[in-house]
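Peer 1: The following comprises the amino acid sequence and a computationally predicted model.
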Amino acid sequence: MLRAVSLLVITLITLPVMAEAPEGYPFQSFDKAMQQARTDNKPLFVYFGRYGCGYCDKTNKEAFSDNSIKETYTRHYVLAYVDSESGKRLRLPSGERITEREVGTRYNAFVTPVFTFMMPDGQPLLRLVGVQRIEDLREADMKVQQTLTKASKK
Amino acid sequence: MIPYSMWSGGLLLTAFALNVQAQPWEFGEPIEITPTSGEGIFHHLESAGRRNIAVSGLTVAVAWEDNRDGTPRIYLAHKDPNAKGFSAEVKISGNGEAYEPTLVALEHNRFVLAWEEDGRIHVRLVTSTGLGPVVILEDNMAMQASLATHDQQLLLVYSRQEGRYGRIWLQRLAVDDLTLRPGQRCPVDAETVKEDQLYPTAVSLGKGVIVAWEDRRAGHTIIMAAQTTDAEPCRFTAPQRISERPPGPSMPYGKGHGVARVALASYGTNRALAAWADKRDFREGYDIYAAEYQAGKQGLFGPNGKVQDTFGGFAQQWHTTVAGHPSGKLVVAWDDNRDGNADIMLSWRGADGWSDDLAVPGATGGGEQNHPAIQLDKEGNLHIAWLERATIGGPTRLRYMFGKAVQ
């Protein structure tokens, strides 16, 4: 019992600060997600949030709580979460050292949440700004998948 | 009768001329601090409080981090008053990964740098004749250093990881020839930390010191400050919130709006300004807000005001920095993208409040110009350093410009 409690405490202490990422999704840091997207040749879905963000909270509760969204997004994309006010250091595949806040600046996450679908090299495909509903996320996924299918046939 | 177009054109020209005349600085040509070093080499001009430039006498120095040898290290370059360009850079940090150098000037062409290296704060004195020994502070898991001077002492504030959260500490240092001697050290907030305290910066004000930082205790990021006096140098007032909660009903979701990266400067007699990026108008992204220190009042800082002009509302503002002068001169700089790409902008405090924003000539145009650091020297001249890159994600270089005081 004591060991289990100790393990829980250690886990809580060492958990990365993912303040606003929805629960139950395999969100990773942006640099790790980019690496994985390159390895798996999958597009990225990048969630730009911030600590205490109200519209992130609303989207998490009203859209990301849906199991079909969770299943689809986890299958189709490598998921990245960026705290747009965090100074956490990342290293991009180009070798550039950058903070999460600067990733937010680069991708113009001037409001939160912003959701950007990206190619594995970081090229944006589609951007959603503000609160999203379940149907918004479904429609965006369809658009992105259609774009990728078209591109693969060329 | 004068046609309307001529009249309005004339009015515009007059307004433009007045605006040009009203500028407190006459800018020279930008020069290079350090050139691009090729693909994969990136410079970073960043520190808590954005104190990467300092002026001692007429010598200006700039401190930054880059990875030219494959590891992030700290470098310093200086420019003597009669030199056309900056000196070759000097490596300041040791063998570890080093980040976020902060710089402060002492008298007689001396500078002190502090930076994070392998999880500890390192400090070093630099003079015109050489480098002092590196002093490594005791605290581990320490980062985000910011330096200031106070009387004959150095003040160093930083965030130290304690459990899950960062906590702000103040370390005093004495300068003894080439050696820096750590003195009294204390937490700025005496209470046990329950949420992150990050990116502190400090300013000396008469017989006291003000420290400001980002704080997440409210469930979202806010700017807070505390003050201490020379009589009780390790006893701070209870932290007070500087960034105000905007009026209106609370949102059913979330805790509040975002703010980021406070900068502090003293100016005039016993006055200080805090400035930061603030997203209270969430549709506009971050705007530059500021608050004035209120000597002798219950609230450490007064009401918040927007620094940027109306046109800035159509763009996003980043990387706030502020500089002040004993004459009362006060200037805030940042970068924003109102012209389609990142440019350096500034606004100065006049008799009627903040000036219209000025796109700094030589620090605008194609590519990206961002991450400004500014300083006013004893004559009120403005020194600006910034980061420049031709393409997003491309190699970087550092630039500098001198603004000669004209008022």
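Peer 2: Received, thanks. Not measured: the values here are computed from a predicted model. Residues are numbered from 1 along each chain as shown, chains lettered A, B, ... in the order given.

Peer 1: The stretch 151-300 of chain B against chain A: which residues are in contact?
Peer 2: Counting by C-beta under 8 Å from any C-beta of the partner chain, the stretch 151-300 of chain B comes close to chain A at B:163-164, B:196, B:198-199, B:214, B:216, B:218-221, B:251-256, B:258-260, B:279, B:282-286. All C-beta spots, glycine's among them, are computed from the backbone N, C-alpha and C.

Peer 1: Name only those of those that count as buried.
Peer 2: Neighbour counting by 16 or more other C-beta atoms under 10 Å in any protein chain shown classes B:196, B:198-199, B:214, B:216, B:218, B:220-221, B:253-256, B:258-260, B:279, B:282, B:284-286 among those as buried.

Peer 1: Of those residues, which belong to strands?
Peer 2: B:Leu198, B:Tyr199, B:Glu214, B:Val259, B:Ala260 (DSSP state E).

Peer 1: so how far is stretch B:365-378 off the chain centroid?
Peer 2: 11 Å (C-alpha atoms, centre = their mean, to the nearest Å).

Peer 1: Which stretches in chain A count as helices?
Peer 2: A:2-14, A:30-40, A:54-62, A:67-76, A:100-106, A:134-153 (DSSP state H).

Peer 1: For the fifth one, name the packing helices and strands.
Peer 2: Right, the one you point to is helix A:100-106. strand A:78-83 (3 or more C-beta pairs under 8 Å, 6 or more residues apart in numbering or on different chains; DSSP states H and E).

Peer 1: is the strand it packs on anywhere near chain B?
Peer 2: No: using C-beta under 8 Å from any C-beta, strand A:78-83 stays clear of chain B, coming no nearer than 9.9 Å.

Peer 1: Quick check: chain neighbours aside, which residue is closest to the residue of the stretch 101-250 of chain B found nearest chain A?
Peer 2: Closest approach between the stretch 101-250 of chain B and chain A, counting by C-beta to the nearest C-beta: B:His220, at 2.5 Å. Counting by C-beta to C-beta, 6 or more residues apart in numbering or on different chains, B:His220 lies nearest to A:Gly52, which is 2.5 Å off, once chain neighbours are set aside.

Peer 1: The one you found and A:Arg91: what is the separation?
Peer 2: To A:Arg91, A:Gly52 is 27 Å away according to C-beta to C-beta, to the nearest Å.

Peer 1: who's more crowded, these two?
Peer 2: A:Gly52 (23 against 16; other C-beta atoms under 10 Å in any protein chain shown).

Peer 1: Could you pull up the residues touching that one?
Peer 2: For A:Gly52, the contact set (C-beta atoms under 8 Å, 6 or more residues apart in numbering or on different chains) comprises A:Ala19, A:Glu20, B:Arg216, B:Ala218, B:Gly219, B:His220, B:Thr221, B:Gly254, B:Lys255, B:Gly256, B:Gly258.

Peer 1: now swap in B:Leu131 and tell me
Peer 2: Per C-beta under 8 Å, 6+ apart, neighbours of B:Leu131: B:Val90, B:Ile92, B:Arg124, B:Leu125.

Peer 1: Dig out what it forms beta bridges with.
Peer 2: Under the criterion DSSP bridges, B:Leu131 forms beta bridges with B:Val126.

Peer 1: follow-up on the earlier one: now, which of the contacts of B:Leu131 lie within strands?
Peer 2: Reading strands off the contacts of B:Leu131 with DSSP E, I get B:Val90, B:Arg124, B:Leu125.

Peer 1: interface residues of chain A facing chain B?
Peer 2: Chain A comes close to chain B at residues A:12-13, A:17, A:50-58, A:61, A:84-85, A:87, A:89, A:92, A:94-97, A:101, A:105-106, A:108, A:110-112, A:122, as judged by C-beta under 8 Å from any C-beta.

Peer 1: Buried ones among those residues?
Peer 2: Judged by 16+ other C-beta under 10 Å, buried ones among those: A:50-58, A:84-85, A:87, A:89, A:92, A:96-97, A:101, A:105-106, A:108, A:110-112, A:122.
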